[in-house]
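Structure for the following, please:
(one chain, ligands or ions: 1)
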Amino acid sequence: MFTGRPYPDKERHSGRDMRYGYLIDMDGVIYRGSEAIPGAADFVGYLQQEGIPYLFLTNNSACTPLDVVVKLRKLGIETSVEHVYTSALATAEFVHQQKPQGTAYVIGEGGLLTALHEVGYAISREGPDYVIVGEGRVLTFEMMEIAHRLMAAGAGLISTNADTWCPTDAGPRPGCGAIVAMLEAATGRKAYHVGKPNPFMMRAARKRIGLSTDEVIMIGDTMETDIRGATDLGFRSILVLSGSTSLDSLRSYPYRPTLVVNSVAELIPEVAACRF
Ligand SMILES: [Mg+2]
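Okay, here's the model as predicted:
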């Protein structure tokens with residue numbers, strides 16, 4: 001099911017060797033809920049065996065990179081924290097650049113709190129610089145009241161991602177974007193969403209993997225985040241149909257992935273054939 005080639009023509013780059021590296025979304029690509037997608041472990045194992053650069057890229061800010069590594073291990077996928085980049089890390093990097101040593105009131109879970117602490121942010125409800133909303137299930141109405149009042153007193157609104165819902169084993173649940181929408185409606189102010197498809201996170205991921213724009217290929221299951229983010233940055237992209245997108249729905253988007261496959265199980269021959 002090819003819509004194009006995800007690899008640039010060699011002739012155009014005859015001056016030097018091209019390397020390719022992969023930014024890999026996780027939910028819908030590597031696993032669905034608590035189940036690994038068939039072939040995912042083999043695909044990641046192949047990248048490791050061949051020394052091909054890769055970085056897991058997720059908009060879920062609830063987990064630390066170590067939490068993600070442990071979850072993947074339970075699914076039979078061995079990796080390490082350097083290969084995980086979450087929207088929590090990107091958000092911490094963003095606020096650290098904008099206002100070093102700042103303060104934030106946080107509606108979110110351990111992954112976000114840890115990332116903020118690691119860049120020197122303090123968590124405070126006394127006139128913080130930002131209200132930061134992440135993914136998770138810790139929300140109470142009292143927290144929304146506090147966030148609203150802190151914003152009214154001048155705090156900026158930042159979210160780890162704009163996803164309005166999240167898939168779970170039991171079905172969908174409201175996501176970070178939905179919580180943020182409530183604060184936006186209440187205050188009349190708009191949030192800054194750091195996660196995919198924001199170029200801030202996509203560019204930070206490219207820097208982490210240490211490759212140039214032409215050498216990065218994004219693999220994802222969601223048009224609005226993975227494929228849109230890759231398109232905005234000029235990365236090639238591979239859409240997998242093992243997650244949230246159906247082939248029929250592709251027509252309704254003004255942007256396209258470079259390649260469409262049923263799942264990562266189909267990708268080893270493709271990567272092997274085009275590696276050099
Ligand atoms: Mg996904």
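
And the residue nearest the centre of the chain?
Central residue of the chain (C-alpha atoms, centre = their mean): residue 58, 2.9 Å from the mean position.

Just to check, that residue is in contact with residue 26?
Yes - here residue 58 lies in contact with residue 26, judged by C-beta atoms under 8 Å, at a distance of 4.9 Å. All C-beta spots, glycine's among them, are computed from the backbone N, C-alpha and C.

what's the overlap in contacts for these two?
Common contacts of residue 58 and residue 26 (C-beta atoms under 8 Å, 6 or more residues apart in numbering): residue 68.

In the stretch 151-276 of the chain, what residue lies closest to the ion?
Nearest residue of the stretch 151-276 of the chain to the ion (C-beta to the ion) works out as residue 221 at 4.4 Å.

Pop out the phi and psi values for that residue.
phi -110, psi 0 (degrees, to the nearest 10).

Grab the nearest non-local neighbour of it.
residue 243 (2.7 Å; C-beta to C-beta, 6 or more residues apart in numbering).

show me what contacts that neighbour?
27, 28, 29, 32, 220, 221, 222 are the contacts of residue 243 under C-beta under 8 Å, 6+ apart.

Secondary structure element for it, which one?
Following DSSP states H and E, there is no helix or strand that holds residue 243.

Report the separation between it and residue 153.
Distance, residue 243 to residue 153, by C-beta to C-beta, to the nearest Å: 40 Å.

cool, and residue 105?
Separation of residue 105 from residue 153 (C-beta to C-beta) stands at 11 Å.

who's more crowded, those two?
Comparing residue 105 with residue 153 by neighbour count (other C-beta atoms under 10 Å), the higher total belongs to residue 105, at 22 against 9.

Mind checking what secondary structure that one has?
With DSSP: H, G, I helix; E, B strand; the rest coil as the basis, the three-state label of residue 105 is strand.

next one: residue 162
coil.

Next, the contact list for it, please.
Going by C-beta under 8 Å, 6+ apart, residue 162 touches 176, 177, 180, 191, 193, 195.

what about the third one, helix or strand, and which?
I take that to be residue 180. With DSSP H and E as criterion, residue 180 is part of helix 176-187.

What residues sit buried inside that helix?
Buried positions in helix 176-187, judged by neighbour count with 16 or more other C-beta atoms under 10 Å: 176, 177, 178, 179, 180, 181, 182, 183, 184, 187.

ditto for stretch 52-64
For stretch 52-64, by 16+ other C-beta under 10 Å, it's 53, 54, 55, 56, 57, 58, 59, 60, 61, 62, 63, 64.
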